[in-house]
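S.K.: how would this look folded up:
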Amino acid sequence: MAEYRVNLIRRAWNTAMVAALACRERRVPFWPPERIAAVQRKRLPAILRHAYRTVPFYRQAMRDRGLRPEDFRTADDLSKLPLVDDLLVRKHMDQFVSTAWAARARVTLRTSGTLSRVLKMVYWDYPASLRKLAIAERDRSVLNGLLGKGWGQVQAYLLPEASISIELRQFWDACTLTPRGLARRHWLSSAAPYDEAAEFINAVRPEVVFSYGSYAAEFFRWLADKRISVALPRVWAYGGDMMAAAARELAEQTFGCKIYSTYQAVETGRIGFQCQRREAFHLNTDYCAVRLIDEAGRPVPPGEPGRDRGQQPVQPGHGVAQLPHGRRRRSVGRAVPLRSDLAAAGRPARQGQPDHRPARWPTDQGPDGGVGLQG
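M.R.: Next comes the predicted model:
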């Protein structure tokens, strides 16, 4: 683990900045899609200028194609740039590192290689890493709603010792003044035996547990087989890899534990998150553009399966879910449904539920019904 040394004044400034941004971020999912698209278009030139000026790979890629940053008008124009894969990045890491930030001013994260099976390092500059904490307010507010509380949460983390979540939490705690009453966090390596994990949960009595999806699935199957009494949390949140629909059903219907998930990659940060209905993933398209392609890298027409820009398999979505806002329900952003719900696509909405409008940028889950996550 890296050591971050930040003085008290800077930590106070960082805390104020994150708090101010978080107040805004929790409202972004309720913005009209047109406003979110406008923010995306506004941010596009800045990131392209940054890539052209400071990232050797993208500067050369644009020059080879006779392009300059001003030639990109919308996120769809990003298709003019070459697709990259994990092997290319790993072989030519120096070509993808921005020269704008010295090594001492960036956070080094190591991908899990969950889907690609390729382990690599990803660098985030300090300001962007702090903004990640504020952006997380979008899904954190949903989790708070599921728990019925925002402060004083008892949280348990069952993650690998080298988890990115642990690295980021160490960075955030070192760079901000985290209120003591916000949450009580407890950690246990996911390598520990399940009976030790059960004892850990009984001792901590968490209100929410965070783990990989595959870990959660196997843990609930183990509980069902062993018939052990465990003080399960109200919510079990997962990321990092997939959790099958059958495992979610076991956790929720047999053990009464709500399952919640977010969709992210180490390279991009949070791509999407579930709302309180937990029926779809709302995409953060103002921060991360999503494009569907086929195996040859060509855009796929609406209704056809493909892969997202990060080379993860995707299934086109069929709806934009809705989030509660006071006593009203308002359409929010773009969303992609869970694969277990795709079988019902094209049929009338279930009684008591609103119809869903077509989504523009869907993403995916894996073939077993879980959502393909990284990081």
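S.K.: Assess the claim that R270 and Q264 are in contact.
M.R.: Yes: counting by C-beta atoms under 8 Å, R270 touches Q264, with 4.8 Å between them. Quick note: C-beta positions are derived from backbone N, CA and C, even for glycine.
S.K.: Of those two, which one has the most company?
M.R.: Applying other C-beta atoms under 10 Å to R270 and Q264 shows that Q264 carries more neighbours, namely 23 against 20.
S.K.: Just to be sure, the more buried one is in a strand?
M.R.: Yes: under DSSP: H, G, I helix; E, B strand; the rest coil, Q264 falls within a strand.
S.K.: Now do it, the pLDDT please.
M.R.: The model reports Q264 with a pLDDT of 84.
S.K.: With I36 instead?
M.R.: At I36, pLDDT is 89.
S.K.: again with V336
M.R.: 48.
S.K.: Equivalent analysis for G333, please.
M.R.: At G333, the pLDDT value in this model is 40.
S.K.: likewise L146?
M.R.: At L146, the model reports a pLDDT of 95.
S.K.: if I look at it, how far off is K258?
M.R.: Remark: distance between L146 and K258 (C-beta to C-beta, to the nearest Å) = 6 Å.
S.K.: Now do the shared contacts for those two.
M.R.: The contact sets of L146 and K258 overlap at R234, V235 (C-beta atoms under 8 Å, 6 or more residues apart in numbering).
S.K.: where does the stretch 251-375 of the chain dip in pLDDT?
M.R.: By pLDDT under 70, the weakly predicted segments of the stretch 251-375 of the chain are 292, 297, 302-375.
S.K.: Show me the domain layout of this structure.
M.R.: 8-131, 132-342 (automatic domain parsing).
S.K.: starting at the chain centroid, how far to the shortest one?
M.R.: This points to domain 8-131. Between the centre of domain 8-131 and the centre of its chain there are 15 Å (C-alpha atoms, centre = their mean, to the nearest Å).
S.K.: Going forward, the N-terminal residue is numbered 283.
M.R.: OK, 283 is where the count begins now, so the last one is domain 290-413.
S.K.: gap between the two ends of it?
M.R.: In domain 290-413, first residue to last residue: 19 Å (C-alpha to C-alpha, to the nearest Å).
S.K.: quick revisit: could you say which of the domains of the chain is packed most deeply?
M.R.: Most buried of those by mean neighbour count (mean count of other C-beta atoms under 10 Å) is domain 414-624; its value is a mean of 18.
S.K.: now that one, how far from the centre of its chain.
M.R.: Relative to the centre of its chain, domain 414-624 is centred 8 Å away, using C-alpha atoms, centre = their mean.
S.K.: so where do the helices sit in the chain?
M.R.: 290-307, 315-336, 338-346, 368-373, 375-378, 408-417, 419-429, 446-457, 476-486, 495-508, 527-531, 621-624 (DSSP state H).
S.K.: weakest of those helices by average pLDDT?
M.R.: Across the helices of the chain, helix 621-624 gives the lowest mean pLDDT, at a mean of 39.
S.K.: Strands of the stretch 483-632 of the chain, start to end?
M.R.: Here the stretch 483-632 of the chain has its strands, by DSSP state E, counting those that start in this stretch, at 490-494, 517-521, 540-547, 551-556, 562-565, 588-589, 595-596, 604-607, 610-613, 616-619.
S.K.: So in that sheet, which strands flank the first one, and in what orientation?
M.R.: Under the criterion DSSP bridges, strand 490-494 sits next to strand 435-441 (parallel), strand 517-521 (parallel) in its sheet.
S.K.: Save those strands as CSV, and put in mean pLDDT and distance to C570 too.
M.R.: Below are those laid out as CSV (pLDDT from 0 to 100; distance: least, C-beta to C-beta, whole Å):
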stretch, mean pLDDT, distance to C570
strand 435-441, 96, 23
strand 517-521, 95, 15
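S.K.: closest one to D346 among those?
M.R.: Closest to D346 of the strands paired with strand 490-494 is strand 517-521 (C-beta to C-beta; 36.4 Å).
S.K.: Looking at the backbone only, give me phi and psi for V366.
M.R.: Phi and psi for V366, reported as degrees, to the nearest 10, are phi -120, psi 150.
S.K.: dump the residue contacts of it.
M.R.: Shown in contact with V366 (C-beta under 8 Å, 6+ apart): F339, F378.
S.K.: hang on, T550 packs against C570?
M.R.: Yes: the criterion here is C-beta under 8 Å, and T550 meets it with C570 at 4.9 Å.
S.K.: what sits against E500?
M.R.: Counting by C-beta under 8 Å, 6+ apart, E500 touches Y476.
S.K.: Determine which residue of the protein is most distant from the centre point.
M.R.: For the chain, the residue at maximal distance from the C-alpha centroid (C-alpha atoms, centre = their mean) is G348, at 34.1 Å.
S.K.: any idea how far it lies from V300?
M.R.: G348 sits at a distance of 41 Å from V300 (criterion: C-beta to C-beta).
S.K.: Also E449?
M.R.: For E449, the distance to V300 (C-beta to C-beta) stands at 17 Å.
S.K.: still on that earlier bit, could I get the strands paired with strand 490-494 as CSV with distance to R487?
M.R.: What follows is the strands paired with strand 490-494, written out as CSV (distance: least, C-beta to C-beta, whole Å):
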stretch, distance to R487
strand 435-441, 7
strand 517-521, 14
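S.K.: can you tell which of these is closest to R355?
M.R.: Once the strands paired with strand 490-494 are compared by C-beta to C-beta, strand 517-521 is nearest, at 33.4 Å.
S.K.: Can you tell me what sits against the closest one?
M.R.: 425, 428-429, 489-495, 497-498, 533, 539-546, 655, 657.
S.K.: Kind regards, and thank you for your time.
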